[in-house]
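Trainee: here is a sequence with its predicted model. Questions after.
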Amino acid sequence: MKRYHRRALAWLAIVVGLLLIGAFSVRTWMQYEFTQRVARGEIQVETLRGWMTLPYIAQVYRVPESELRATLGLPATGNDERSLRQWFDAAGIEPKTGRARIEALILAQTAPYKAARD
């Protein structure tokens, strides 16, 4: 009986490992495709959501937060937990205009990487 348990645990570990490899492979592939779309300039305004915060956008799109704030005319620091929607409301920025500014900044930041690869 002991041998059966060891064998079952070994198979369970293999199956769980394969599932994890599959899940992370899909996640990595999706991120790669998204990065390629950004590099080709296919970002749509809809990819920036109102719930996103500036630190989140800075990390995901690899754009310095200070440049995001400067682009929108926001204070250099503070209120990191505010969403884009809250920032736009507080600064009196039309959401579509604000998102377009951020999108242009992201595209400008990815252009040097695209040129280096070409």
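Mentor: All right, it came through fine.

Trainee: which helix runs longest in the protein?
Mentor: helix 2-39 (DSSP state H).

Trainee: next structured bit after it?
Mentor: helix 54-61 (DSSP states H and E).

Trainee: show me what the longest helix of the chain is packed up against.
Mentor: Contacts defined by 3 or more C-beta pairs under 8 Å, 6 or more residues apart in numbering; DSSP states H and E place helix 2-39 against helix 95-117. All C-beta spots, glycine's among them, are computed from the backbone N, C-alpha and C.

Trainee: now the helix it packs on: mean pLDDT?
Mentor: Mean pLDDT, computed over helix 95-117, is 73.

Trainee: okay, now the domains of this protein?
Mentor: What automatic domain parsing lists as the domains of the chain is 1-39, 45-118.

Trainee: count of neighbours near Leu9?
Mentor: The tally of other residues near Leu9 (other C-beta atoms under 10 Å) stands at 10.

Trainee: adjust the sequence numbering to begin at 681 for everything that follows.
Mentor: Got it, first residue is 681 now, which makes that one Leu689.

Trainee: residues in contact with the helix or strand harbouring Trp767?
Mentor: Trp767 belongs to helix 764-771 when assigned by DSSP H and E. With contact meaning C-beta atoms under 8 Å, 6 or more residues apart in numbering, helix 764-771 is reached by 728-734, 737, 752-754, 759, 762, 773-775, 778-779, 782.

Trainee: contacting residues for the residue positioned nearest the centre of the chain?
Mentor: Centroid-nearest residue in the chain: Val740, 2.9 Å away (criterion: C-alpha atoms, centre = their mean). Listed by C-beta under 8 Å, 6+ apart, the contact set of Val740 is empty.

Trainee: right, and Arg762 touches Thr733 too?
Mentor: Yes - Arg762 lies in contact with Thr733 (C-beta atoms under 8 Å); the separation is 6.5 Å.
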